[in-house]
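> just the structure for this:
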Amino acid sequence: MTDRFIYWNDDKSLRLQYRKGYDAIYVAGVIKPAEGVTLAYDELIATLPAGYRPSRLWYQLCALSGGGYFCRIRVDKGGGIVISGYDPDGAGAIKNSIEIYLTIPL
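Below is the predicted model:
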């Protein structure tokens, strides 16, 4: 995870984690921007290690602050997990939490 993000709270079960199984990569966790960070589109969240990267570009929606708003997450072939966009109405919500639950085909 880049230094522009932190974990939502101290609950270790909510930390950003990844695993591979059943022909997919699974990424899950709850994060938020670090104090004072203003997010932009194409903001890199984290990079998956070699062996856990998809064979093609993948997009998926993730909830912001409990599901009232959504952002679009892109996972590229180089393993970059990127916020590729969000509803302008969600600009306040994205500061509180980003609930990442991705299932990325290999």
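> give me the low-pLDDT residue ranges for the chain?
Along the chain, segments meeting pLDDT under 70 span 66-67.
> let's see 80
11-13, 40, 66-68, 87-94 (pLDDT under 80).
> all strands for it, in order.
5-7, 17-21, 24-33, 43-47, 58-64, 69-75, 80-86, 98-105 (DSSP state E).
> can you dump the C-alpha atoms of the fifth one in PDB for me?
Taking only C-alpha atoms (Å, rounded to 0.1, in the frame of the first residue of the first chain), the coordinates of strand 58-64 have been written out as PDB:
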ATOM      1  CA  TRP A  58      -9.900  -5.300 -14.600                       C
ATOM      2  CA  TYR A  59     -12.400  -2.800 -13.300                       C
ATOM      3  CA  GLN A  60     -14.700  -3.200 -10.300                       C
ATOM      4  CA  LEU A  61     -16.800  -0.900  -8.100                       C
ATOM      5  CA  CYS A  62     -16.100  -0.600  -4.400                       C
ATOM      6  CA  ALA A  63     -18.200   1.100  -1.700                       C
ATOM      7  CA  LEU A  64     -17.300   4.300   0.100                       C
END
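> before we move on, back to that, could you dump the strands of the chain to CSV with mean neighbour count and distance to G92?
C-beta: built from backbone N, CA, C; applies to glycine. Output for the strands of the chain, formatted as CSV (neighbours: other Cβ atoms under 10 Å; distance: least, Cβ to Cβ, whole Å):
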stretch, mean neighbour count, distance to G92
strand 5-7, 16, 17
strand 17-21, 12, 27
strand 24-33, 18, 12
strand 43-47, 19, 16
strand 58-64, 17, 9
strand 69-75, 20, 9
strand 80-86, 19, 11
strand 98-105, 18, 13
